[in-house]
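kindly return the folded structure for what I paste below:
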Amino acid sequence: MVMRHPDRPRGQDLIYTALQDRCPDCDHVLGVYQVDGRRVQGLDVWFWMKRRDKRCHPACPGVRPIFYAPRDLRVVLPKRIYGLEVTLHVGERHLLDSVPLARITRDLNERGVPVDQRHTGRVFRDFLALAQLARGDDAALRARLMAQGGIVLMCDGVQFDDRSPVLYLVWDAISGAPLFGERKPYRGEDDLVPLLERVRAMEVPIIGVVTDKETGLVPAVTRVFPRVPYQYCQTHYLKNCAKPLAADLTALQASIRRRADAVREVAKFVESPERPKKVRAREPDPAEPEPVATARTASTQSPSAAAVADLAPLREDATKEVELVREVCELARVNSHLSGKAPLDPPELKRHERLEKLRLLVNDAREKKLCRTRRTTVAPA
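Numbering: from 1, shown residues only. Presented below is the predicted three-dimensional model:
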């Protein structure tokens, strides 16, 4: 289990939803049936990965199958808590640099990744399994893929650094089942064709192929699967479209952080026991003459019961204001950490919009209070 480190930065949450929108039996809109969420530990950040599966309503006349969300093996392997980048880091350092697992464990701990040597050994075994992955040759897996109607093939390469070989993975996007994995020292077309031919040799219908625009991968796919529908990854495309907004989103996030820090200071002031409860009375000056006792000063020095009763609503209003400030500070804290789904719904923009709504509410309340104060203020006699 991954230990929780409060100082460890949190990355963007990843949410995957089942691709089907309507039930094939009753044509009813499918709702989210179950959510599988887990915490994933990367090299520099941790994040939540959620998979939202869908299912039709109980009154459906059909069999009501569960439509599972796709799995992205480029992020983390199934039933694992350490991201794929941690797996590649351990494998490449141990194989290429001949660094002992104990030293890798210490380096990861110093970097902020909570792991012990026993888990480092398991991560390294996962790396070896990926480098020699041949699950697509399993007869039971082929039968299951045939039963679901075919494969939506996804292929991508992951590399730890510029000098290490590229680990290419091919998997089915519908079931999330990994098929093959090979380490390739080069990224050319002739190097990737044998990997794709292993998929074709499974004799399972290929519904479509999805990859990025890697130079060697694109011609290899068109060469092995010339008649299969082929499209580029929409996530890569949208990220490229959102690149011009990166600088503005970074500046917006810095502004949100400054506003959140200011609200945090206000919350500390409200909760502080040293916060002044009332304005102190001015100390008398010995050089000043004694004031002349009049009816008005006498009533001021010894307030009547009616005057004390008039101050009770004011004290109650002050208590309500303190509670309101606490609630607003808590709302600002929560909304300054909202997550979004970039690039179409960037979290920075969502946080800014929520904080702006809070600011308008606070300004509106302040204006109403000033207007009420002006109406109730009585000129001195």
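
CA atoms for contacts and neighbours, from now on please.
Fine.

any idea of the mean pLDDT for stretch 225-233?
For stretch 225-233, the mean per-residue pLDDT is 88.

mind listing what's buried in that stretch?
225, 230 (16 or more other CA atoms under 10 Å).

centre of the chain to that stretch, how far?
31 Å (CA atoms, centre = their mean, to the nearest Å).

let's see the distance spanning that stretch from one end to the other.
Stretch 225-233 stretches 17 Å from its first residue to its last (CA to CA, to the nearest Å).

again with stretch 206-219
17 Å.

got it, and stretch 73-90?
Chord length of stretch 73-90, first to last residue, is 17 Å (CA to CA).

got the buried residues for it?
Using 16+ other CA under 10 Å as the test for burial, stretch 73-90 gives 73, 75-77, 81-90.

again with stretch 105-120
For stretch 105-120, burial by neighbour count (16+ other CA under 10 Å) applies to 105-106, 108, 112-115, 120.

likewise for stretch 206-221?
Across stretch 206-221, burial judged by 16+ other CA under 10 Å covers 206, 208-212, 216-221.

nearest to D345, of those?
Checking those against D345 by CA to CA gives D212 as the nearest, at 21.7 Å.

now do the residue lying closest to R264 once chain neighbours are set aside, the pLDDT please.
In space, and not counting its chain neighbours, R264 is closest to C329: 7.1 Å by CA to CA, 6 or more residues apart in numbering. According to the prediction, C329 has pLDDT 82.

and for T376?
64.

what does T319 give?
Reading off the confidence values, T319 has pLDDT 66.

in a strand, that's where D36 is, yeah?
Yes - counting by DSSP: H, G, I helix; E, B strand; the rest coil, D36 is part of a strand.

what bridges to it?
Counting by DSSP bridges, D36 is bridged to R51.

number the chain from 3, please
Happy to do that; since the first residue is 3 now, the last one works out to D38.

run a quick neighbour tally on it.
D38 is flanked by 12 other residues according to other CA atoms under 10 Å.

tell me the contacts of it?
Applying CA atoms under 8 Å, 6 or more residues apart in numbering to D38 gives the contacts 52-54.

and of those residues, the nearest to S100?
For the contacts of D38, the nearest to S100 is K52 (35.7 Å; CA to CA).

do you know how far the residue nearest to the closest one when sequence neighbours are not counted is from I83?
Excluding the flanking residues, the one nearest K52 by CA to CA, 6+ apart is G39, at 4.2 Å. Look at G39 and I83: by CA to CA, they are 11 Å apart.
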